[in-house]
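Q: Just the structure for this:
(2 chains)
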Number of protein chains: 2
Amino acid sequence: MQRSPIKHCKQCGTAVVYRLPDDGDTKERAVCPHCNTVHYENPLNVVGTVPHWGDKVLLCKRNIEPRWGKWTLPAGFMELGETTTEGAARETEEEAGAQFEMEDLLTLLNVARVGQVHLFYRARLLSDTFNPGSETIEARLFSEDEIPWDEIAFRTVKETLDRYFADRRSGHFTIHQVNID
Amino acid sequence: MQRSPIKHCKQCGTAVVYRLPDDGDTKERAVCPHCNTVHYENPLNVVGTVPHWGDKVLLCKRNIEPRWGKWTLPAGFMELGETTTEGAARETEEEAGAQFEMEDLLTLLNVARVGQVHLFYRARLLSDTFNPGSETIEARLFSEDEIPWDEIAFRTVKETLDRYFADRRSGHFTIHQVNID
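A: Residues are numbered from 1 along each chain as shown, chains lettered A, B, ... in the order given. Next up, the predicted model:
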């Protein structure tokens, strides 16, 4: 899902202009010169889980771009009509085919450069067999010293794994807000 | 900011059709029959604060629709290019003209019915004088028993105030996830 600039009005198809709207807004928006529709663009939420089994966590080897072949936690764009936890559960089912019990929020990561907020929940696995979907080459459990740190797909995933294992060692899970440049 | 359906392609202006995209996606999207652009619609984040001064919190009387004249916590739609806390700070400056120090996340509220996630941070006020912007009729401090509970603009604000005062009484602040029907 890439963010391409708005060129035409979603209501009437006329070419838009970028300007300050007439309502006192202080940001330039794509405004339709024909029907005056103002088009807002806002950050997207990515929701996922840290599925854990004993001292191990579940990673998925990506079968899609970007970062084909790299390892990730199950996660994806939150959809309309679902809550953050429902979205995180859906992605975990789709990408890992895992059975689990959802737990608390672990990380809230701002990636302002690309207009995203990532939310990862802990999820207690109920089985160590997985049935990953087509977006995943392989789903596998890793202990902390087995994690392929140089082959992790995204910085948000690395930061989340770091926080998970640190909290696990301390015996106390908390919620971490992380800003990623 | 209302969510109106996509009728025309943002790339080329052609009338879109709602169908499953060709990439294996399982949700119907607005797809352009001319240039094949797929238009995604996703939840929006609303970010705000609970500004507090001693045993009181700051509420703003709304000078805009919806809920003109009702009381709210400073909050608004998160913008591209900012973090959740930067957005919450911006709204607090714009709506209340308050000086404050940002603290931790207090509530994450899912309002799936309207495709929104609301995030409220605690904010320690550094002064009890305010300079609210044009969106606010009046900014005023309220202790718990002074809160105009029947005149609160939004359920997310009421739920957040409930959690704030309950945590304050218990002497321990935590992060609450709340799903609103």
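Q: Which strands or helices does the strand or helix carrying A:Lys61 pack on?
A: For A:Lys61, the host element (DSSP states H and E) is strand A:56-62. On a contact count with 3 or more CB pairs under 8 Å, 6 or more residues apart in numbering or on different chains; DSSP states H and E, strand A:56-62 meets strand A:44-53, strand A:71-72, helix A:84-96, strand A:136-143. (Each C-beta comes from the backbone N, C-alpha and C, glycine too.)
Q: ranges for the helices of chain A?
A: A:84-96, A:155-170 (DSSP state H).
Q: Which of the ones you listed sits closest to B:Glu95?
A: Proximity to B:Glu95 (CB to CB) singles out helix A:84-96 among the helices of chain A, at 24.9 Å.
Q: Just give the number of residues close to A:Gly54.
A: For A:Gly54, the count of nearby residues is 9 (other CB atoms under 10 Å in any protein chain shown).
Q: Could you do A:Asp128 as well?
A: Quick note: A:Asp128 (other CB under 10 Å) scores 13 neighbours.
Q: how much space between it and chain B?
A: 27 Å (CB to the nearest CB, to the nearest Å).
Q: Serialize the helices of chain A to a markdown table and add fields for mean neighbour count, distance to chain B and mean pLDDT.
A: Output for these, formatted as a markdown table (neighbours: other CB atoms under 10 Å in any protein chain shown; distance: least, CB to the nearest CB, whole Å; pLDDT from 0 to 100):
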| stretch | mean neighbour count | distance to chain B | mean pLDDT |
| --- | --- | --- | --- |
| helix A:84-96 | 22 | 6 | 97 |
| helix A:155-170 | 18 | 13 | 98 |
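Q: Take those helices and lay them out in TSV including distance to B:Ala123.
A: Compiled in TSV, the helices of chain A are given as follows (distance: least, CB to CB, whole Å):
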stretch	distance to B:Ala123
helix A:84-96	22
helix A:155-170	24
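Q: dump the residue contacts of A:Val114.
A: A:Arg3 (CB atoms under 8 Å, 6 or more residues apart in numbering or on different chains).
Q: give the contact list for the one residue sitting closest to the centre of chain A.
A: Central residue of chain A (CA atoms, centre = their mean): A:Val46, 2.5 Å from the mean position. For A:Val46, the contacting residues are A:75-78, A:116-119, A:156, by CB under 8 Å, 6+ apart.
Q: ditto for A:Leu161
A: A:50, A:57, A:73, A:147, A:152.
Q: how about those, which pair is most distant?
A: Taking CB to CB, no two of the contacts of A:Leu161 sit farther apart than A:Val50 and A:Ile152, at 12.9 Å.
Q: Show me which of these two is the more surrounded one.
A: A count of neighbours by other CB under 10 Å puts A:Val50 above the other of A:Val50 and A:Ile152, at 26 against 20.
Q: Just give the closest residue to the most far-flung residue of chain A relative to its centre, not the sequence neighbours.
A: The centre of chain A is farthest from one residue, A:His34, which by CA atoms, centre = their mean lies 36.5 Å away. Nearest residue to A:His34, sequence neighbours excluded (CB to CB, 6 or more residues apart in numbering or on different chains): A:Thr14, at 4.0 Å.
Q: ok, now A:Cys60?
A: Nearest residue to A:Cys60 in three dimensions, chain neighbours excluded: A:Thr136, at 4.4 Å (CB to CB, 6+ apart).
Q: and the one you found, how far is that from A:Leu126?
A: Using CB to CB, to the nearest Å, one gets 19 Å for the distance from A:Thr136 to A:Leu126.
Q: quick one: which of these two has more around it?
A: A:Thr136 (21 against 11).
Q: The longest strand seen in chain A: how far from the chain's middle?
A: Looking across chain A with DSSP state E, the single longest strand is strand A:100-111. Distance, stretch centre to chain centre, for strand A:100-111: 10 Å (CA atoms, centre = their mean, to the nearest Å).
Q: what's the average pLDDT for it?
A: Averaging pLDDT along strand A:100-111 yields 98.
Q: For that strand, list every residue counted as buried.
A: Residues of strand A:100-111 classed as buried: A:100, A:105-111 (neighbour count, 16 or more other CB atoms under 10 Å in any protein chain shown).
Q: Pull that strand out as CSV, backbone CA atoms only.
A: The C-alpha coordinates for strand A:100-111 follow below in CSV (Å, rounded to 0.1, in the frame of the first residue of the first chain):
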residue,chain,number,x,y,z
PHE,A,100,-3.3,-17.7,20.3
GLU,A,101,-4.8,-15.7,23.1
MET,A,102,-4.4,-12.0,22.7
GLU,A,103,-2.6,-10.1,25.6
ASP,A,104,-1.7,-6.5,26.3
LEU,A,105,-0.2,-3.8,24.1
LEU,A,106,3.6,-3.9,24.1
THR,A,107,4.8,-1.2,21.7
LEU,A,108,3.5,1.9,20.1
LEU,A,109,6.0,3.0,17.4
ASN,A,110,5.7,6.3,15.6
VAL,A,111,7.3,6.3,12.1
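Q: where does chain A dip in pLDDT?
A: A:1-2 (pLDDT under 70).
Q: Recalculate using a threshold of 80.
A: Residue ranges of chain A with pLDDT under 80: A:1-3.
Q: If you count neighbours, what's buried in stretch A:129-149?
A: So, applying 16+ other CB under 10 Å, buried residues of stretch A:129-149: A:130, A:132-133, A:135-136, A:139-141, A:144, A:147.
Q: about what we covered before: identify the residue nearest the residue nearest to the centre of chain A in space, chain neighbours excluded?
A: A:His118 (4.4 Å).
Q: The one you found: neighbour count?
A: A total of 24 residues lie near A:His118 under the criterion other CB under 10 Å.
Q: got the contact list for it?
A: Contacts of A:His118 (CB under 8 Å, 6+ apart): A:45-48, A:75, A:107-109, A:111, A:156, A:160.
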